[in-house]
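K.L.:
Let me see the structure of the following:
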Amino acid sequence: MNHCNFDKPCGALEGSGALLVVLDNKKRVNAMTIGWAQTGVIWGRRVMTVLVRPSRYTHELLENARYFSVCVPVSGGWKKELAFCGSKSGRDCDKLRACALKTRDGSKRGIKLIEGAGFWYECEILSKAEMPSSALPEAIRKKYYPAGDSHTLYFGEIIHLGK
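P.N.:
Prediction:
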């Protein structure tokens, strides 16, 4: 496997974001814009952690998925697409079709990638954890969780890093 690159995802997530891609139970592709993620080593494995609120359709899909991918645009790319995929629900529309984004297969069956990504992470879900907002400092709770709608953290082993 390629070496994990920690600078590129940080730069992308500080900008417009990246697309978290997961299949539904009918093998349809859903993409959600993310602005928060981590890469690192946990349990002796290279892991990407993504945060998804339970109210999101993507959360429902991740609960039943084995894989997900995170597709990072080339610098400055996909601005309109990221804005759209971050403001619309896959429950209500086919976001990829609406944005004219095309997919291709990843390295394993069940992984889809967005064509034209600058680079991507293909991940197999290892574990998940509910994040209690009550454990966070008050300033963070007030800014990011005023309604108490904290995230679930999904830990995905990075099985392939592409570019």
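K.L.:
Report the outermost residue of the protein with respect to its centre.
P.N.:
No residue in the chain sits farther from the centre than Glu138, which is 26.1 Å out by CA atoms, centre = their mean.
K.L.:
Which pLDDT does the model give that one?
P.N.:
Here, the pLDDT recorded for Glu138 equals 93.
K.L.:
where's it relative to Tyr144, distance?
P.N.:
Glu138 sits 11 Å away from Tyr144, taking CB to CB, to the nearest Å as the criterion. The C-beta positions use only the backbone N, C-alpha and C, and glycine is treated the same way.
K.L.:
what does Gly110 give?
P.N.:
For Gly110, the distance to Tyr144 (CB to CB) stands at 31 Å.
K.L.:
cool, and Gly35?
P.N.:
In this structure, Gly35 lies at 11 Å from Tyr144, with CB to CB as the measure.
K.L.:
buried ones in stretch 106-123?
P.N.:
Of the residues in stretch 106-123, those with enough neighbours to count as buried (16 or more other CB atoms under 10 Å) are Gly106, Ile111, Lys112, Leu113, Ile114, Ala117, Gly118, Phe119, Trp120, Tyr121, Glu122, Cys123.
K.L.:
So what's the gap between whichever strand or helix holds the fourth one and the chain middle?
P.N.:
What it means is Leu113. In this assignment (DSSP states H and E), Leu113 forms part of strand 112-114. Here the centre of strand 112-114 is set off from its chain's centre by 12 Å, with CA atoms, centre = their mean, to the nearest Å.
K.L.:
same deal with stretch 68-88?
P.N.:
The gap between the average C-alpha position of stretch 68-88 and the chain average comes to 10 Å, counting by CA atoms, centre = their mean.
K.L.:
is it true that Leu153 touches Val47?
P.N.:
No: taking CB atoms under 8 Å as the contact criterion, Leu153 and Val47 are not neighbours in contact, 10.5 Å apart.
K.L.:
Neighbour count: these two, which is higher?
P.N.:
With neighbours defined as other CB atoms under 10 Å, Leu153 and Val47 compare such that Val47 has more, 22 against 17.
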